[in-house]
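> For reference, the sequence and a predicted model appear below.
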Amino acid sequence: MAIDEVNTGGTREKQSFRRLIRFSISAQVTVIVVIVAFAIWGALQTTDRSNDLKQASGNVLLMQGLTQEFDRSRASLRQYVASGDAFVLGPFTQSRRQLTVISNVLFANLEPPTLDRARAYNQALQSYLVDIGDNAVAAVKRGERGEAREILVSPEAAKQFDTVLTNGSALRDELADAQVDADRAVARRQAINVALIMIAALIMLGSGLGVLFWIRKKMMVPLENLAVASRKLGHGDLSARVDPGGVQEIALTGSAFNQMADEIEQHVGQMHDLSAARSRFVSSVSHELRTPITSLRGYLELLENGEAGQLEPDQAKYVEIAGRNARQLDDLINDLLTMSRVQSGRITVKPEPVNVRELLRDLKAEMLPIGAERGVDVVLVDTGDLIVSGDPLRLKQAFGNLLSNSIKYSRDGQAVIVRAFAVNRQAVVSFVDWGVGIPREDLPQIAEPFFRSNSSDRIPGTGLGLAIAKQMVELHGGRLAVESEFGSGSTFTVYLPLQGTAGDVQPDSAQPDGAPTAGAQTDGVQMDIARPDDAFGSVEAAEASGGFQEPEASKPVES
């Protein structure tokens, strides 16, 4: 009975939700159609008013053109009477033609009674130009310039000119009033459009808020609860569950989430058991292998030292190869043990003040013989004391893995640059090489256990060094980043919280320890780290080039 009631209620809620959605869509469509209709009507009305205003403004300009052409014709007429030169009569004739053209255009735009006033004004203009202007021109052509001057200043000329001014002033005022009326009509139309838009927006807002309020009550709250539970589950809280509620679809989603969380909790438990078993297996096997490997290395060293008699050259070569492989196997076992302890959380950090400068100097001394076999030099940029809080053994292991990698993947005869400086209360340690580099597609996986890039297939390694270094750095609250360009080298950078320093020491004020100073300056000039262009790329090559320059690299990708 309870199940039937729940199902019936869920169906009611689901159907109610569907009806509301349909009603909401219909209402919104209706409102939108009405708004669009009003918008189109308002746009058409605004266009009409704008056209009226444009025409009224054009009429005012035509009136100004009539006045200007009349003034131009009178000025030309006076000059002709004064000089008798037929050349100056041209503007008079041209202006008369322009007056006829402008008047015809103006007449086409006007309606009674403004059209009647415009025709009266045009008649006054033409009368003046015919009765006064033509008579004066005729007098000059007869050689009677004095008579022409009398015509221009006669009472008849003054009377007709007053008629032109009176009619022109009246027409001008009427056209200006029409322009003002048209401008006000456009402003009123725009105000009406704004009011319609605001009313439509309020209607849409009200209907939308009503729908949103109902959706908030029936859907959003259950969805928010589901999102909170999902975040908890994503952050590792395997006990996160939701109370299925709301409309039927969301209730089904909540039930599916709870079922998924149960399965995830079960699988995570199984994976944890498998991981613990794998760690125990790796640790047990590594411990079991360490004793025979140690014994094997000891006996091989005795053979190399001639304790069992002098070896033949071939024998000595085979023993050397066996010893090198035994050492690699011993390193692999140590890495496996370290990785197993890190993953199982059995490695603890015993923090104490650590001077990064001294730690790097010790590492350089230890690594120089390894690099000397291939002519790879290690250049340490001296930045002064940088103090961090950490476990010196673990930090040395992390830095040692990074420096060993840089040496291993460098080309013969090149240099590895190690820089350390303080920025933003962090100790920054970078290891720069110009070796084979890392393809861009391999960068996101470069610090995963046992992962090796295709570019390093010919170089011995286990794929654990970077993974261990990353874990050790993160145990100290830091992070490891890498930037690399395939074929041009790599830069691995460690960021550690700084415990105390005299101030931020930038690499531009640093000086290589035990390296030539040709490219370094200590008085504010930046020292760049170089990419050697020749086949050797040693410190001597960098000195010959006048300094070091930073290798081109891709965008940094955090390991």
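Right, received. Where do you want to start? Residues are numbered from 1 along each chain as shown.
> Toward the C-terminus from whichever strand or helix holds Trp214, list the very next helix or strand.
When elements are assigned from DSSP states H and E, Trp214 belongs to helix 155-215. The first helix or strand that comes after helix 155-215 along the chain, using DSSP H and E, is helix 221-234.
> From the contact counts, what lies against the helix holding Trp214?
Using 3 or more Cβ pairs under 8 Å, 6 or more residues apart in numbering; DSSP states H and E, the elements in contact with helix 155-215 are helix 2-83, helix 114-127. No exception for glycine: its C-beta is placed from N, CA and C like everyone else's.
> any chance of the ones you listed in CSV, with mean neighbour count and mean pLDDT too?
Formatted as CSV, those follow (neighbours: other Cβ atoms under 10 Å; pLDDT from 0 to 100):
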stretch, mean neighbour count, mean pLDDT
helix 2-83, 15, 74
helix 114-127, 18, 87
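> of all those helices, which lies closest to Val180?
Of all the helices and strands packed on helix 155-215, helix 2-83 sits nearest to Val180, with 8.4 Å by Cβ to Cβ.
> helices or strands up against that closest one?
If you count contacts as 3+ Cβ pairs under 8 Å, 6+ apart, helix 2-83 packs onto helix 90-109, helix 114-127, helix 135-141, helix 145-152, helix 155-215, helix 248-304.
> For the ones you listed, give me JSON lines that also has distance to Val429.
JSON lines is the format used below for the helices and strands packed on helix 2-83 (distance: least, Cβ to Cβ, whole Å):
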{"stretch": "helix 90-109", "distance to Val429": "84"}
{"stretch": "helix 114-127", "distance to Val429": "89"}
{"stretch": "helix 135-141", "distance to Val429": "102"}
{"stretch": "helix 145-152", "distance to Val429": "102"}
{"stretch": "helix 155-215", "distance to Val429": "54"}
{"stretch": "helix 248-304", "distance to Val429": "29"}
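> Worst mean pLDDT among the ones you listed?
Note on those: lowest mean pLDDT is at helix 248-304, with a mean of 72.
> which SS state does Pro353 fall under?
Three-state assignment for Pro353 (DSSP: H, G, I helix; E, B strand; the rest coil): strand.
> Who is it paired with across the strands?
Ser389 (DSSP bridges).
> From Val381, how far out is it?
In this view, Pro353 and Val381 are 22 Å apart by Cβ to Cβ, to the nearest Å.
> Could you check which of the two has the larger neighbour count?
Neighbour count, other Cβ atoms under 10 Å: between Pro353 and Val381, Val381 has more, with 22 against 11.
> The more buried one looks like it's in a strand, true?
Yes. Assigned with three-state DSSP, Val381 falls within a strand.
> Identify the bridge partners of Leu496.
Ala427.
> before we move on, the earlier item: may I see the helices and strands packed on helix 155-215 organised as JSON lines, with distance to Met220 added?
Output for the helices and strands packed on helix 155-215, formatted as JSON lines (distance: least, Cβ to Cβ, whole Å):
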{"stretch": "helix 2-83", "distance to Met220": "13"}
{"stretch": "helix 114-127", "distance to Met220": "65"}
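> Outline the domain layout of this protein.
By the assignment in automatic domain parsing, the chain contains the domains 2-216, 245-347, 350-558.
> among the helices and strands packed on helix 155-215, which is nearest Leu223?
Nearest of the helices and strands packed on helix 155-215 (Cβ to Cβ): helix 2-83, 13.3 Å.
> How about the contacts made by Gly298?
By Cβ atoms under 8 Å, 6 or more residues apart in numbering, the contact list for Gly298 is empty.
> With Gly236 as the reference, name the closest of the domains of the chain.
Among these, domain 245-347 sits nearest to Gly236 (Cβ to Cβ), with 8.9 Å.
> Okay, and the residue nearest to Val494 when sequence neighbours are not counted sits in which element?
Spatial nearest neighbour of Val494, chain neighbours left out: Val429 (4.5 Å); criterion: Cβ to Cβ, 6 or more residues apart in numbering. Using DSSP H and E, Val429 sits within strand 426-433.
> for the record, mean pLDDT for that strand?
91.
> Which strands or helices does it pack on?
Where contact means 3+ Cβ pairs under 8 Å, 6+ apart, strand 426-433 is packed against helix 356-372, helix 392-408, strand 415-423, strand 489-500.
> from the chain's centre, how far out does the last one sit?
Centroid displacement of strand 489-500 relative to its chain, using Cα atoms, centre = their mean, to the nearest Å, is 26 Å.
> buried ones in that strand?
489-496, 498-499 (16 or more other Cβ atoms under 10 Å).
> how about the nearest residue to Gly371, chain neighbours excluded?
Per Cβ to Cβ, 6+ apart, closest to Gly371 is Ile407, 4.7 Å.
> I misspoke; the intended subject was Val88.
Among residues not flanking Val88 along the chain, Gln79 sits closest, at 4.5 Å (Cβ to Cβ, 6+ apart).
> which stretches of the stretch 401-550 of the chain form helices?
Taking DSSP state H, counting those that start in this stretch as the test, the helices found in the stretch 401-550 of the chain are 465-475, 539-544.
> In terms of mean pLDDT, which of these ranks lowest?
helix 539-544 (a mean of 35).
> Ok, which of the helices and strands packed on helix 155-215 comes nearest Ala170?
Taking the helices and strands packed on helix 155-215 one by one with Cβ to Cβ, helix 114-127 is closest: 6.0 Å.
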